[in-house]
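# This is a predicted model, with the sequence first.
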Amino acid sequence: MITGPNMSGKSALLRQTALIVLMAQMGSFVPAKHANIGLVDKIFTRVGASDNISSGESTFMVEMNETASILNNLSDRSLILLDEIGRGTSTYDGISIAWAIAEFIHEHPTAKAKTLFATHYHELNEMTQSMKRIKNYNVSVKEINNKILFMRKLVPGGSEHSFGIHVAKMAGMPKRCWTEPIRY
């Protein structure tokens with residue numbers, strides 16, 4: 001389980017992992033001092049967000065279709081890379097779906113696929129308490145004078161913050177978007 005702020009590099013880490021494993025499988029050089037990569041028969045990725053207008057599928061439906069395909073075709077030697085599963089629906093439904101998917105992969109009766117699951121649902125950090133194969137990691141940041149510095153380093157432990165407001169400020173959102181009270 002990989003948590004961490006927006007813009008910290010979680011998606012880049014997933015893409016990098018897919019490329020390195022693919023390169024290693026074909027006997028190519030990998031950018032590392034050393035690497036222990038077992039045999040992988042399939043690399044499954046669910047990274048990015050796009051709809052399929054021609055088929056009338058929302059971004060969320062495309063995400064669910066692709067995730068269902070992964071779950072229905074995984075093997076013991078699969079590598080699964082999932083990025084923010086469940087983000088396209090309500091928070092409650094999204095957390096429930098993400099939790100169920102992680103639990104399905106963990107509890108699969110025949111396949112113990114290696115999986116990297118990047119998420120902003122910090123509640124998923126709790127899965128390590130009851131599921132021994134799940135480990136928490138986060139892409140670290142340093143907070144200095146109410147500003148964040150992206151360290152681009154994967155470290156053990158779960159993150160509890162997404163720093164979304166910090167990223168909104170970095171993007172140039174007007175100050176009153178986060179300083180004025182919300183009126184309904």
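Received, thanks.
# okay, CA-based contacts and neighbour counts for the rest of this
OK.
# what residue ranges in this structure score low on pLDDT?
For the chain, residues meeting the criterion pLDDT under 70 lie at 178, 180-184.
# Ramachandran angles for M64?
phi -70, psi -40 (degrees, to the nearest 10).
# Could you give the number of residues near it?
17 (other C-alpha atoms under 10 Å).
# With H106 instead?
H106, neighbours per other C-alpha under 10 Å, totals 18.
# partner strands of the top strand by length along the chain, parallel or antiparallel?
Using DSSP state E, we find that the single longest strand of the chain is strand 147-156. Sheet pairing of strand 147-156 (DSSP bridges) gives strand 137-144 (antiparallel).
# Check which helix or strand the residue lying closest to L71 once chain neighbours are set aside maps to.
Once flanking residues are discounted, L71 sits nearest to I105: 7.5 Å by C-alpha to C-alpha, 6 or more residues apart in numbering. Per DSSP states H and E, I105 falls inside helix 91-107.
# For that helix, buried residues please.
G94, I95, I97, A98, W99, I101, A102, I105, H106 (16 or more other C-alpha atoms under 10 Å).
# wait, what's in contact with the residue lying closest to D93 once chain neighbours are set aside?
Of all residues not flanking D93 in the chain, G86 sits nearest, at 7.3 Å (C-alpha to C-alpha, 6+ apart). Residues in contact with G86 (C-alpha atoms under 8 Å, 6 or more residues apart in numbering) are F60, D93, G94, I95, I97, A98.
# wait, which of those residues is closest to N146?
For those, the minimum distance to N146 (C-alpha to C-alpha) is 28.4 Å, reached by I95.
# ok, back up a step: go through the buried residues of helix 91-107 and say which is closest to A171.
Distances from A171 to the buried residues of helix 91-107, taken by C-alpha to C-alpha, are shortest for G94, at 25.4 Å.
# Please report phi then psi for the nearest residue to the closest one once chain neighbours are set aside.
Nearest residue to G94 in three dimensions, chain neighbours excluded: G86, at 3.9 Å (C-alpha to C-alpha, 6+ apart). In terms of degrees, to the nearest 10, the main-chain angles of G86 are phi 90, psi 0.
# immediately after the helix holding I105, which helix or strand?
strand 114-118.
# how close does the residue nearest to D93 get to A35?
As judged by C-alpha to C-alpha, to the nearest Å, G86 and A35 stand 32 Å apart.
# Please apply the same query to G9.
For G9 relative to A35 (C-alpha to C-alpha), the value is 21 Å.
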